[in-house]
Structures are given as structure tokens and as C-alpha cells.
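J.: with the input below, show me the fold.
(chains A and B)
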Number of protein chains: 2
Amino acid sequence: MDLRTSRLELLPLDPDEHAEALHAVYGDPAVMRWWTCPERASVERTRQLLTEELAGPGALLWAVRRAEDGAVIGVTGLLGGVALPGLTWILARRAWGRGFAAEAAAAVVDHAFRHVGHDRVEAWVESTNTRSIAVCRKVGLTERGRFVQRYGHRDRPHEMIVLGRAGTPDPVSVVHLQPVVQVVDVAATAALLVAVLGARVSFIAGEPAHVAGIVLGPWSTGPGLRLVRPPRGECAPVELVLDVGPGFVGLRESALASGVAGVEPIVDQPWGRREFALRLPEGHRVVLSTPS
Amino acid sequence: MDLRTSRLELLPLDPDEHAEALHAVYGDPAVMRWWTCPERASVERTRQLLTEELAGPGALLWAVRRAEDGAVIGVTGLLGGVALPGLTWILARRAWGRGFAAEAAAAVVDHAFRHVGHDRVEAWVESTNTRSIAVCRKVGLTERGRFVQRYGHRDRPHEMIVLGRAGTPDPVSVVHLQPVVQVVDVAATAALLVAVLGARVSFIAGEPAHVAGIVLGPWSTGPGLRLVRPPRGECAPVELVLDVGPGFVGLRESALASGVAGVEPIVDQPWGRREFALRLPEGHRVVLSTPS
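T.: A predicted model of the protein is given here:
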């Protein structure tokens, strides 16, 4: 099905027909700076990539053609093989800065809601990719969460933002989750989390302290937990997994330097993560995790 | 200290001098729609409010004067009595839509970093206040987290976004936190969380399942937890506090309707929250919490 906007025509993607024009996109390192794989070395490799992207179950992709001159300037659509409808777009560098990406993506979202029957779409955008975040904003997608990812061709992990737009508002919305962690010495554990994880104490109450709110970062809110003194002195041990970005290795060094007793070695886990654990005095296990 | 931008002069706020002009701002329901208190009924009440805002420890507020006509069109600055430097602005409706708020706020951020010595500023914006979110974006503040709040004069709670800008990047960044919850039947607990909380199962592994990733919402990421079968059959009980918005009451009804055994009554807590708890079969306590 063709889609039309005021300045663009979206044509069902055909790798044989479109690869040559689109190699200007997929062969350009400045465009592929943000992609899940490096730039393609040839038209043939671009054609392969387009064929693979179309092969994912549920993939629905269009070549983006500019009406004024008939130039094929990019691709947009819905990703295949993903758990939730995933909005995608890519645009030749010469076509950046004129609102084409948002115009094309808006047509895809409209199609997804009206004709495909989706009730939500989301896009995953690297946190430093301000152009694509602006595209999301124009198309009505707002931030829903963050996680850390590493692309196979890159040395370092990066922070990803998940942005979404729902066709109808969700009836229930859990905005924040805090585990309650029982510790014998609330003030000492709070100080340890500040020293090792750069945490912030958002509140602390009692003398000696029996409850504290901890934010695992420098802001008023964010990933966090509540420390409490248990009613009967025994602490039920909990395990927390923290998703950490590029600071992973430095974090372990600062934990060792601060004299925390139970800093375990870094392990390459079979599920594609590098992890190490800290043990708090009460036996709680805090797992620091980053993509392998 | 006066501050200047290309179109604005920022003058140290003086309630006696500025209240009359600013009553057009603080007396306007369309402006105060987003404020922590209702519109002021008189110039005298506006003067009181300005005096109170200036009295907070560390408050640094300026009246915003338009250079072209000398009109006082709003207030901007840093809030007093807050844990982290809090950026604030308010603007007369007749001055909206011309970029004045961002221009004034940018001058305040610059002053905060260069002259006050702050290394970060943040703004708290209601999630539906798209104009103020756009101001944040222009001034370089990005989302850091969310929470639920209720203003004293409103019937219902609302979702707040915390947006921040750091002078220097933070060395450690915990992007996400997941508690690990031990349960006897991973698949059954996952199904229960889907039914009661509108959760999503992001992954589930093993036959029978021994681990599952749960997102407490419809998106790929967001507040969530990991369910695991314990190594020796005994489950260490944990407590989780979930911050919930307007869906709070409906959530309890759906929990009761779904036949979850341990749905406790709603309690008005002395710390300004309405809360009720669900008990999972293993004794885990899930506290649903909303502002009173």
C-alpha cells in the first residue's frame, strides 16, 4: 500500500528497485553513526541489508520518495521480529533538517493505528541522538524508559531511550518502583551507597535512622530504593540488578577503593552481560550489569 | 545582579515594585493551571506569594522585563528550600509562544553554573505540560525520572517529569534498577502481574519457567522486576513500593476482581500517601501508593 504526505510518497520497499538509491544512505558513515550496524560497503551489501530487514516477521517498510524531484531519500516503517510495534526511519544526510523524517514517520504511525490495528508504537533512540529525539517529539512519542545497550560493532555500551505513543491511554500506570531493603544500620548503608554508587539520600528519618530514601543518581528521582530497619533485627536478603552504562569498570574500582567487603569479580554471563556483585553487610546482593 | 539577554532584562524580584504588573500572571487561571497553587485573587495576594517564594533559603528570583517595551511579563530563577537547584519560570499568557521563557531560563542556568557555582539544575514539569517540556528542551534539560504528585488544591494526582542538566557529566550512571523476586511458580506469578497490574512479560525462560522479566507497563522498558525460582524452594520475602497515578482505585478493584488473595484495605498513611498492599502467595508484599 502506498502512503502519501504533503511532500512525500511512501512506496513498499523493494530491495532490487531501491538499493542503488538507498546506498547513499546505508553507505554513509555519518548516517550509520546511529544504526545497529556499520555502513555498507557496496550497493550489493545495502541490498542484502534491506532484504534482511524486510524478512523479519511483521516488517512493513517503505522507501521514502520526495514528490518534488522523485528522489528516493530514505526508508521508514515498522520493524519486523520485535515484541512491540517498532517505528523506524533512516534518511539521506542531504535530506536532513527539513522535517522529512517526522513527516514520513507520522504517516507510518497513522497507518499502524488505522489500518494495521496496533494500539501503540515505540522507537528506541540513543540518548545522544538529539535529531531523532526531535523526530519522536514531532510524531507524538514521549519517553517511557531507558536501558543500556551495546551494538556488536562498537567498543562501548550506550544509553537507549524508549519513546512511545499509545492509541488509547493506558488504564494503569506504574510510574516508579522502589524495592524496600532491610538493613541493620540505615545511615551507614546510605553512606555506603553514596560513596560507591554516587547515590543521593532523598530523605532519612529517625535517630538512629530507621528509614531512608535512596536515589541511585544525582537527581531528585530515578532508579532508587528504600532502606528500612527491620522490625525484629533479622534482614530478609534481597537481590537487585542495576543496569549501568560506560561507568561500569570505574564503578568496581571505586567499590574496591571504598573498602566494601564483598566486591565479586567481573563475570561474562552467557546472557550477554558483564556483571559483578557487591554484598552488603546483611547479605543483600547488588548486581552491577552492563552489556558484554 | 541584573541579567540581560537579547530581548529581556532580568531584575532582582521586588514584591513591592513588581506585584502589580505580575498580578496579570499570578491572577490568570490559564497560567496557574500548571502552578502548585490556584490563581491569586488580588494584587495583595500576589505580593504575598512573591514574598513567600523569595523567603525560601537559597531562592534567587528575577522579574522578567521585555526590553522593547519595558513590560514586566513574568518571573524566573532558582527556587528556594529545595534539595537540588530548581529552575522556575512563569510568564504572562500574552507573552507565550515567542521563546521568552526559554530565553530567560537559559540566562538563569548560565548564571547558576558560572556565578552561583551549581553543577546541575533541574525542573519539575507536569507530564501533560508540553509547552514547559519544550522550554526545558531548548534550555538543555533532559528527562531524568518521573513520579506522581498531588497539589493540595487538586482532586487528582498527576505525573511529574524531572528534567535536568548537569554542568559536567556524571561519572556513574545507573540507568535502571530491577529487584529480583523469588517465587515458586514463575509462570503463574507472571500471569498474575499481567492480569492485575497490566504488566508485560519481556522474557520468560525454562520449562517450567525458572526466570522471567516483568515490565510494569505496556512498553519495552520501564519500572520492572525479575522473577526467579529460588535454588532451594524457600523464597526470601521482599517488599516493593509502586508509585501509581490516577489508576490507583481501579487497580485495587481489578486486583479484587481477579481473585488475588491478599488485597489489603486502602490506608491513608501519615506520610501523605494513600496505600494498599497485595500479598503474593510466597509472602511478598507489593505496596501500591499514590499521593493523598
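
J.: quick one: the closest residue in space to A:P15 that isn't next to it in sequence from A:E103, how far?
T.: Nearest residue to A:P15 in three dimensions, chain neighbours excluded: A:L50, at 4.0 Å (CB to CB, 6 or more residues apart in numbering or on different chains). All C-beta spots, glycine's among them, are computed from the backbone N, C-alpha and C. Distance, A:L50 to A:E103, using CB to CB, to the nearest Å: 21 Å.

J.: and the two? which has more neighbours close in?
T.: Taking neighbours as other CB atoms under 10 Å in any protein chain shown, A:L50 and A:E103 compare with A:L50 leading, 23 against 19.

J.: for the helix or strand encompassing that one, what is the distance to the chain centroid?
T.: If you go by DSSP states H and E, A:L50 is part of helix A:43-55. Chain-centre distance of helix A:43-55: 24 Å, with CA atoms, centre = their mean, to the nearest Å.

J.: shaky segments in chain A?
T.: Along chain A, the model assigns pLDDT under 70 to no residue.

J.: quick one: the helices in it, in order.
T.: Taking DSSP state H as the criterion, chain A carries its helices at A:15-26, A:29-32, A:43-55, A:100-111, A:130-138, A:186-197, A:248-257.

J.: for the fifth one, output the C-alpha coordinates as CSV.
T.: What follows is helix A:130-138 as a C-alpha-only set of coordinates in CSV (Å, rounded to 0.1, in the frame of the first residue of the first chain):
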residue,chain,number,x,y,z
THR,A,130,19.0,14.7,19.5
ARG,A,131,17.8,14.8,15.9
SER,A,132,15.9,11.5,16.3
ILE,A,133,14.5,12.5,19.7
ALA,A,134,13.1,15.6,18.0
VAL,A,135,11.5,13.4,15.3
CYS,A,136,9.9,11.4,18.0
ARG,A,137,8.6,14.5,19.7
LYS,A,138,7.1,15.8,16.5
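
J.: in that helix, what counts as buried?
T.: Residues of helix A:130-138 classed as buried by neighbour count (16 or more other CB atoms under 10 Å in any protein chain shown): A:S132, A:I133, A:V135, A:C136, A:R137.

J.: so which of those reach chain B?
T.: Among the buried residues of helix A:130-138, proximity to chain B is found for A:R137 (CB under 8 Å from any CB of the partner chain).

J.: for the buried residues of helix A:130-138, please prepare TSV with the additional fields distance to A:V108.
T.: Conversion of these to TSV gives the following (distance: CB to CB, whole Å):
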residue	distance to A:V108
A:S132	14
A:I133	17
A:V135	11
A:C136	13
A:R137	16
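
J.: kindly export stretch A:169-187 (C-alpha atoms) in PDB.
T.: Output of stretch A:169-187 as PDB, limited to C-alpha atoms (Å, rounded to 0.1, in the frame of the first residue of the first chain):
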ATOM      1  CA  PRO A 169      -4.300   5.900  27.200                       C
ATOM      2  CA  ASP A 170      -3.300   3.000  29.400                       C
ATOM      3  CA  PRO A 171      -5.700   2.500  32.300                       C
ATOM      4  CA  VAL A 172      -2.900   1.700  34.800                       C
ATOM      5  CA  SER A 173       0.300   3.500  35.000                       C
ATOM      6  CA  VAL A 174       3.000   2.500  37.400                       C
ATOM      7  CA  VAL A 175       5.300   5.500  37.300                       C
ATOM      8  CA  HIS A 176       8.000   4.200  39.600                       C
ATOM      9  CA  LEU A 177       9.100   1.100  41.600                       C
ATOM     10  CA  GLN A 178      11.200   1.000  44.700                       C
ATOM     11  CA  PRO A 179      12.300  -2.100  46.500                       C
ATOM     12  CA  VAL A 180      12.400  -2.000  50.300                       C
ATOM     13  CA  VAL A 181      15.700  -3.200  51.600                       C
ATOM     14  CA  GLN A 182      16.100  -4.100  55.300                       C
ATOM     15  CA  VAL A 183      19.400  -3.100  56.800                       C
ATOM     16  CA  VAL A 184      20.700  -3.100  60.400                       C
ATOM     17  CA  ASP A 185      22.300   0.400  60.100                       C
ATOM     18  CA  VAL A 186      20.300   2.600  57.800                       C
ATOM     19  CA  ALA A 187      22.600   5.600  58.000                       C
END
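
J.: mind listing what's buried along that stretch?
T.: A:170, A:172-183, A:186-187.

J.: so which of those belong to strands?
T.: Counting by DSSP state E, the buried residues of stretch A:169-187 place A:V174, A:V175, A:H176, A:L177, A:Q178, A:P179, A:V180, A:V181, A:Q182 in strands.

J.: quickly list the domain ranges of chain A.
T.: Domain assignment for chain A, taken from automatic domain parsing, gives A:3-166, A:180-291.

J.: mind putting those domains in CSV, distance to B:A212 included?
T.: Putting these into CSV (distance: least, CB to CB, whole Å) gives the following:
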stretch, distance to B:A212
domain A:3-166, 14
domain A:180-291, 13
